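> A structural model of the following input is requested.
(chains A, B, C and D)
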2 protein chains.
Amino acid sequence: MEETADMMNSNFKLNNRDRAVLMKTPFLTSLTGNSLVRMMSAMSVISLTNRKSIFREGENADAFYCVLSGYVRLYQLNRDGREADIRICSPGDTFAECLLYGGTKYRHHAQTAEATTLARFDMQAVRDLAEQERDIAKAVITSLSKHLITTMDCVANDRLHTAPQRVADYILKRCPVDGGPASIRLPFQKNLLAGMLGLAPEALSRAFSTLRRTGVTVRGRVIQVVDVQALREI
Amino acid sequence: MEETADMMNSNFKLNNRDRAVLMKTPFLTSLTGNSLVRMMSAMSVISLTNRKSIFREGENADAFYCVLSGYVRLYQLNRDGREADIRICSPGDTFAECLLYGGTKYRHHAQTAEATTLARFDMQAVRDLAEQERDIAKAVITSLSKHLITTMDCVANDRLHTAPQRVADYILKRCPVDGGPASIRLPFQKNLLAGMLGLAPEALSRAFSTLRRTGVTVRGRVIQVVDVQALREI
DNA sequence: TCACGGATTTGATCGATGTCAAATTCTGAT
DNA sequence: ATCAGAATTTGACATCGATCAAATCCGTGA
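All right, here's what the predicted structure looks like:
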């Protein structure tokens, strides 16, 4: 059994960290006993290196996924072939689960944005399970609800806030609640943060430099905030 | 029993058209017998005149709604008090149903954008029903799935297309499939269309005038397209 | 530690869209 | 049909963010 260096694809190993993430997924966190076992048996684990395609727009949707480690970029192309990120999925995020009952084709492209481990759920198997087990149906509902809320927030954010405001929002959501100084470390490249916020990388960079005058210092992936309260005002 | 001229609020009458819309709702369309009866008893009908508040951001979410006739605007305010539409709900659309399992407070303001009739579903009652009746859980899942898909499309649209492209998209979705000439009538004010597409009214107006050179004529609410195929190219 | 290549920042510019005000058109009520 | 008020369009502008190119930074592997 040989793996290429390019792409490792396994469905047996699941390390502790990945397992912990998986069990906190809305799909699994509330399940017990039989339901949990059945969900796990509809699932396999997949590891991919950076920049590998997971699926393409228009393909037949026969699975949905949960990110265990790494990041996944969902994007579309416009007529000119330029791509725009729709969503960046972090560990714990589920994607394409809306196709359980919403359609049969993937609606955008998905590719890894880092070395990534995924839980792959067979669409038809989960569909069947949701019809049989009450708690699985409820788990699906919870997952869809939360996902819908974050997506609506995304629309609101895009339509309501400027680039520096979105960046400030992002930082503040990850800062301690008190108003003093704080320091956070980005878990990924700025590239991805830009996509998450619906910005070109250059726009993100300029947003950071706008925030400098509000006491935000950026060095590599480390962001330092002099006064969290002051940042809230922007 | 007296109603003010300002706001009529009834929960007994349901005319034929409204009833037909209601039964095509994802929440009700697949239900039969007992489930249908129980859902109907968790529901009441509300009629409101133009520009009435349905709920406000931060209020306790004790109901979700389905538009039977008229239109509802979901919007948020930014720090300066300027409002941005998040979503325009048309007859058949459901809103705030993501709070069934996603949270306890409304996340934005909702107000009528015309004289409007709504089906109001008691949140807790439907929550209980979804736990008891399989087909109701499934109906909830279907509704959330579809809603999530359209919301993701909205993000994609915002990030990928210019104003004239979005307007062209809107027109094309409502045109016959063949490539010839076509004519459609907007079911609402341009105001609302602008909000739907994430544009200021002035930007919508200018988008229309850009489309004139692609053979699109606008007079009042009537939009005529000389060549549907040509419009697709933009 | 050094050097390389990719990531990020910066500069210059452009196009798209929001904003405000004024002109015009539309609509519904009389 | 007429008119007032609302909706829409148009004009003039300001601003934001995208784009392309060039410079710089940074992390990684040797």
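> can you pull up the most central residue in chain A?
Central residue of chain A (C-alpha atoms, centre = their mean): residue A:89, 1.3 Å from the mean position.
> which non-adjacent residue is nearest it?
The spatial neighbour of residue A:89 that comes closest, neighbours along the chain excluded (C-beta to C-beta, 6 or more residues apart in numbering or on different chains), is residue A:72 at 4.2 Å. Any C-beta I mention is one placed from the backbone N, CA and C, and that applies to glycine too.
> now do the phi/psi pair for the residue lying closest to residue A:145 once chain neighbours are set aside.
Excluding the flanking residues, the one nearest residue A:145 by C-beta to C-beta, 6+ apart is residue B:102, at 3.5 Å. Main-chain torsions, residue B:102, degrees, to the nearest 10: phi -110, psi 0.
> can you tell if stretch A:107-119 touches chain B?
Yes: using C-beta under 8 Å from any C-beta of the partner chain, stretch A:107-119 reaches chain B at A:107-108.
> check for me that residue A:170 belongs to a helix.
Yes: per DSSP: H, G, I helix; E, B strand; the rest coil, residue A:170 lies within a helix segment.
> how about the residues of chain A near DNA strand C?
Residues of chain A found near DNA strand C, taking C-beta under 7 Å from any atom of the strand as the criterion, are A:189-191, A:201-202, A:204-206, A:208-209, A:218.
> those residues also near DNA strand D: which ones?
Restricting these to those near DNA strand D by C-beta under 7 Å from any atom of the strand leaves residue A:202.
> who wins on neighbours among the residues of chain A next to DNA strand C?
residue A:204 (23 neighbours; other C-beta atoms under 10 Å in any protein chain shown).
> from the chain's centre, how far out does the helix or strand bottoming out on mean pLDDT in chain A sit?
The helix or strand of chain A with the poorest confidence is helix A:228-233; it has a mean of 86 (mean pLDDT, DSSP states H and E). Counting by C-alpha atoms, centre = their mean, to the nearest Å, helix A:228-233 is centred 27 Å from the centre of its parent chain.
> packing partners of it?
helix A:163-173 (3 or more C-beta pairs under 8 Å, 6 or more residues apart in numbering or on different chains; DSSP states H and E).
> just give the closest residue to residue A:234, not the sequence neighbours.
Closest residue to residue A:234 apart from its sequence neighbours, by C-beta to C-beta, 6+ apart: residue A:168 at 5.1 Å.
> pull the contacting residues for that neighbour.
A:211, A:214, A:216, A:231-232, A:234 (C-beta atoms under 8 Å, 6 or more residues apart in numbering or on different chains).
> now do residue A:161
Neighbours of residue A:161 in contact, by C-beta under 8 Å, 6+ apart: A:169, B:78.
> circling back: tell me the pLDDT of the residue nearest to residue A:89.
Listed pLDDT for residue A:72 reads 96.
> hang on, the earlier thing: what two of the residues of chain A next to DNA strand C are the furthest from one another?
A:189 and A:209 (17.7 Å; C-beta to C-beta).
> what is the neighbour count of residue A:229?
For residue A:229, using other C-beta under 10 Å, the count is 11.
> pretty sure it is touching residue A:181, no?
No: using C-beta atoms under 8 Å, residue A:229 is not in contact with residue A:181; the gap is 10.3 Å.
> ok, back up a step: give me the contacts around the least confident helix or strand of chain A.
A:168, A:171-172, A:175-176, A:178-182, A:211, A:214-216, A:225.
> residue A:226 reaches residue A:211, doesn't it?
No: between residue A:226 and residue A:211 there is no contact under C-beta under 8 Å: 10.7 Å.
> when the two are compared, which one has more neighbours?
Neighbour count, other C-beta under 10 Å: between residue A:226 and residue A:211, residue A:211 has more, with 22 against 13.
> excluding sequence neighbours, find me the nearest residue to the more buried one.
Closest residue to residue A:211 apart from its sequence neighbours, by C-beta to C-beta, 6+ apart: residue A:164 at 5.7 Å.
> before we move on, the earlier item: which positions in the least confident helix or strand of chain A come out as buried?
For helix A:228-233, the neighbour count (16 or more other C-beta atoms under 10 Å in any protein chain shown) marks A:228, A:231 as buried.
> just the CA atoms of it, as PDB, please.
Extracted in PDB, the C-alpha atoms of helix A:228-233 (Å, rounded to 0.1, in the frame of the first residue of the first chain):
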ATOM      1  CA  VAL A 228      -9.600  46.800  22.800                       C
ATOM      2  CA  GLN A 229     -12.200  49.300  23.900                       C
ATOM      3  CA  ALA A 230     -10.900  52.000  21.500                       C
ATOM      4  CA  LEU A 231     -11.100  49.400  18.600                       C
ATOM      5  CA  ARG A 232     -14.800  48.900  19.300                       C
ATOM      6  CA  GLU A 233     -15.500  52.500  18.500                       C
END
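> what sits against residue A:197?
A:157, A:163, A:166-167, A:170, A:204.
> looking at the residues you listed, state which has the most neighbours.
Tallying neighbours with other C-beta under 10 Å puts residue A:167 at the head of the contacts of residue A:197, with 27 neighbours.
> find the nearest non-adjacent residue to that residue, please.
Nearest to residue A:167 is residue A:207, by C-beta to C-beta, 6+ apart, at 4.5 Å.
> for residue A:77, same thing?
Using C-beta to C-beta, 6+ apart, the closest residue to residue A:77 is residue A:83 (5.2 Å).
> count of neighbours near the one you found?
Residue A:83: 17 surrounding residues under other C-beta under 10 Å.
> how about it, phi and psi?
According to degrees, to the nearest 10, residue A:83 has phi -100, psi 150.
> quick check, it in contact with residue A:75.
Yes: with contact defined as C-beta under 8 Å, residue A:83 reaches residue A:75; the gap is 4.8 Å.
> find the residues that touch each one of these two.
With contacts taken as C-beta under 8 Å, 6+ apart, the residues that reach both residue A:83 and residue A:75 are residue A:109.
> tally of neighbours for residue A:56?
12.
> and the lengthiest helix in chain A, what's buried?
Determined from DSSP state H, the single longest helix within chain A is helix A:134-160. Judged by neighbour count (16+ other C-beta under 10 Å), helix A:134-160 contains these buried residues: A:134-149, A:151-160.
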